[in-house]
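J.: Below is the structure, and that's it, no one-letter string:
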């Protein structure tokens with residue numbers, strides 16, 4: 001950093017520390033550059049005046065080190081003066097200029113060069129501002145989390161309940177089983193491709209309008225399915241429903257990242273993963289009885305009724321969580337109140353046009369998918385697992401109907417084990433969180449991403465073992481409860497894998513995490529669309545046992561993936577263009593923070609030099625857990 005005696009540089013955290021990237025800005029003739037500085041507490045203040053550097057951290061007890069807090073005010077900064085506008089819109093000027101970079105994004109230098117108008121005045125969140133989603137009360141955060149995760153549960157229910165109505169459609173429309181299964185495939189295809197457009201759109205208009213509009217479409221298009229005169233109507237409607245439903249699965253995780261800091265996000269993310277997978281088991285439980293007693297159309301009617309009631313609840317309870325969008329709205333409000341058109345949010349400059357955002361959203365995931373070994377390996381692995389999930393939605397009725405002669409309503413009850421697997425995973429996930437918190441303390445808040453993979457290792461083993469049990473206990477002579485145990489282990493493993501991969505991608509790729517997740521999400525849903533199409537043929541031609549054995553063998557081979565990334569992930573990330581750059585920034589920032597703390601007489605451990613920050617558990621680690 002090149003300090004300037006006449007300037008202060010304030011960094012206020014309102015996203016994950018790793019979401020900040022390198023910023024450069026010319027201030028008159030003086031050059032100021034900021035490499036990412038991690039937050040040590042709730043926020044970090046770096047003030048450059050002469051040669052003093054101040055970090056707002058509770059561990060720094062030197063009286064001269066004071067964190068700047070602006071309560072109940074909106075801070076506005078320009079390149080020439082620091083202006084604070086209070087609730088009465090009275091402006092006061094400070095002598096020292098302050099430049100704020102509250103969000104990650106592209107270099108502001110490029111924006112500066114391209115601007116033709118007067119120099120803008122930027123606003124940022126004051127410390128402790130209750131409007132900042134990170135500063136919401138814990139109660140408000142969990143109300144939002146539960147509201148959004150109910151959407152996720154409904155999406156999972158809708159995806160799986162359809163399978164129990166396929167037989168009725170076959171009879172009514174005179175179609176083959178494969179054609180009926182296409183409704184499952186079209187749903188997952190819409191589920192995979194729609195986020196490529198919806199995700200960047202949420203960057204511009206915010207998340208809450210997307211939630212409301214997509215859920216309205218999601219609920220409304222149950223109606224044409226319930227009234228469908230032919231199978232084509234069902235298939236088209238299912239594609240539209242799947243496209244709208246993708247918001248309830250893909251955007252909820254992003255919203256939780258908007259309101260929870262990384263070290264507090266574990267419980268919320270595990271609840272979200274539970275919602276995503278448990279709903280798969282809940283759908284067929286009631287859909288089996290409904291299809292048997294009222295017909296397949298009533299599955300859609302019941303969903304339409306329930307979803308419509310929830311829609312009004314969603315209108316009241318859902319709140320905007322995207323901090324950059326909220327700050328942009330604040331800037332617009334201040335422009336109207338003051339008449340000063342220079343007032344802007346930093347994201348107004350950093351945000352590209354919607355067309356550019358969609359272009360990036362459609363291209364960067366494929367670049368990561370084909371050029372990043374970590375993304376490729378996990379995308380293929382979770383894609384295979386997700387394909388198996390949808391394959392089981394089709395194979396469970398085959399196995400328990402043919403071998404154990406269960407009715408549709410009884411087969412629906414078998415899916416209780418599909419719900420029970422993720423539920424056990426959610427209850428036991430605090431073990432993984434305890435390991436992560438321990439490593440986080442040892443590494444000054446920056447544990448290696450591989451710390452997230454303990455759950456994936458357990459999940460991979462559980463997934464494969466469950467498949468082997470299901471394969472070789474699916475006999476008429478063996479009680480039906482035994483293959484149910486296999487199904488439970490399969491979905492327990494899926495829960496651990498899904499959650500671990502989601503968190504690992506976020507920790508490894510930080511600001512590129514959405515693109516990395518989009519890549520694996522697309523491949524995951526493509527597998528989910530393809531696998532059900534050959535389920536019937538596979539089980540008919542080679543038999544229940546050998547069909548399941550084939551899948552179990554592939555799952556056993558793929559167990560190596562989380563093990564390999566656990567031991568070699570750091571080396572792969574170091575060679576990566578994206579993950580390597582981000583890791584270098586973090587290590588540099590942690591070392592710089594430790595250096596400044598040492599100057600203040602405080603000892604800190606840096607991730608780059610401490611052997612305790614290895615992702616591999618020591619004997620002492622195991623004892624502590």
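T.: Everything's here; your move. These numbers come from a predicted model, not from an experiment. Residues are numbered from 1 along each chain as shown.

J.: Find the residue closest to the residue nearest in space to the middle of the chain in space, skipping its chain neighbours.
T.: Closest residue to the average C-alpha location of the chain: residue 253 at 3.2 Å, with Cα atoms, centre = their mean. Nearest residue to residue 253 in three dimensions, chain neighbours excluded: residue 272, at 6.0 Å (Cβ to Cβ, 6 or more residues apart in numbering). For every residue, glycine as well, the C-beta is placed using N, CA and C.

J.: quick one on the thing from earlier: correct me, but the residue nearest to the centre of the chain touches residue 270?
T.: No - with contact defined as Cβ atoms under 8 Å, residue 253 does not reach residue 270; the gap is 11.5 Å.

J.: ok so, going back, list the contacts of the residue nearest to residue 253.
T.: By Cβ atoms under 8 Å, 6 or more residues apart in numbering, the residues touching residue 272 are 145, 148, 149, 152, 252, 253, 256.

J.: which residues in this structure form strands?
T.: Ranges of strands in the chain, per DSSP state E, are 7-10, 23-27, 30-34, 74-77, 82-85, 91-94, 97-100, 121-124, 343-344.

J.: In the chain, where is pLDDT below threshold?
T.: For the chain, residues meeting the criterion pLDDT under 70 lie at 1-118, 349-354, 357, 361, 510-511, 578-625.

J.: Quick check: most distant residue from the centroid of it.
T.: residue 477 (43.8 Å).

J.: Could you check how far that one is from residue 454?
T.: 38 Å (Cβ to Cβ, to the nearest Å).

J.: Tell me how many other residues crowd residue 296.
T.: 27 (other Cβ atoms under 10 Å).

J.: Surely it is in contact with residue 169?
T.: Yes - contact criterion Cβ under 8 Å: residue 296 and residue 169 qualify, at 5.7 Å.

J.: Need the residues that contact stretch 221-235.
T.: Under Cβ under 8 Å, 6+ apart, the answer for stretch 221-235 is 169, 173, 175, 179-180, 182-183, 186, 237-238, 240-241, 244, 297-298, 300-301, 303-304, 307.

J.: do the same with stretch 524-536
T.: 177-178, 181-182, 184-186, 188-189, 191-192, 379, 382-384, 386-391, 393-395, 398.

J.: make it 6 Å
T.: 177, 181, 184-185, 188-189, 191-192, 382-383, 386-387, 390-391, 394-395 (Cβ atoms under 6 Å, 6 or more residues apart in numbering).

J.: Now do the buried residues in that stretch.
T.: 524, 525, 526, 527, 528, 529, 530, 531, 532, 533, 535, 536 (16 or more other Cβ atoms under 10 Å).

J.: what's the closest of those residues to residue 459?
T.: Lowest distance from residue 459 to the buried residues of stretch 524-536 (Cβ to Cβ) belongs to residue 524, with 14.8 Å.

J.: Tell me how far residue 529 lies from residue 389.
T.: In terms of Cβ to Cβ, residue 529 sits 12 Å off from residue 389.

J.: try residue 513
T.: In terms of Cβ to Cβ, residue 513 sits 23 Å off from residue 389.

J.: Kindly report the same for residue 131.
T.: The value you get for residue 131 to residue 389, if Cβ to Cβ is used, is 39 Å.

J.: out of the two, which sits in the busier spot?
T.: Comparing residue 131 with residue 389 by other Cβ under 10 Å, the one with more neighbours is residue 389, at 23 against 15.

J.: ok, the more buried one - contacts?
T.: Applying Cβ under 6 Å, 6+ apart to residue 389 gives no contacts.

J.: Same question for residue 542.
T.: Residue 542 makes no contacts at all, as judged by Cβ under 6 Å, 6+ apart.

J.: can we see that at 8 Å?
T.: residue 550.

J.: same check, this time on residue 344
T.: By Cβ under 8 Å, 6+ apart, residue 344 lies in contact with 120, 121, 122, 123, 331.

J.: before we move on, what about residue 139?
T.: Applying Cβ under 8 Å, 6+ apart, no residues qualify as near residue 139.

J.: where's residue 471 relative to residue 554, distance?
T.: Taking Cβ to Cβ, one finds residue 471 at 12 Å from residue 554.

J.: So these two - more neighbours on which side?
T.: residue 471 (20 against 13).

J.: Need the nearest residue in space to the more buried one, chain neighbours excluded.
T.: Nearest one to residue 471, counting by Cβ to Cβ, 6+ apart, is residue 548 at 3.4 Å.

J.: Around that neighbour, how many other residues sit close by?
T.: Neighbours around residue 548, by other Cβ under 10 Å: 28.

J.: From residue 486, how far out is it?
T.: Going from residue 548 to residue 486 by Cβ to Cβ gives 9 Å.

J.: Identify the contacts common to these two.
T.: Common neighbours of residue 548 and residue 486 (Cβ under 8 Å, 6+ apart) are 467, 470, 471.
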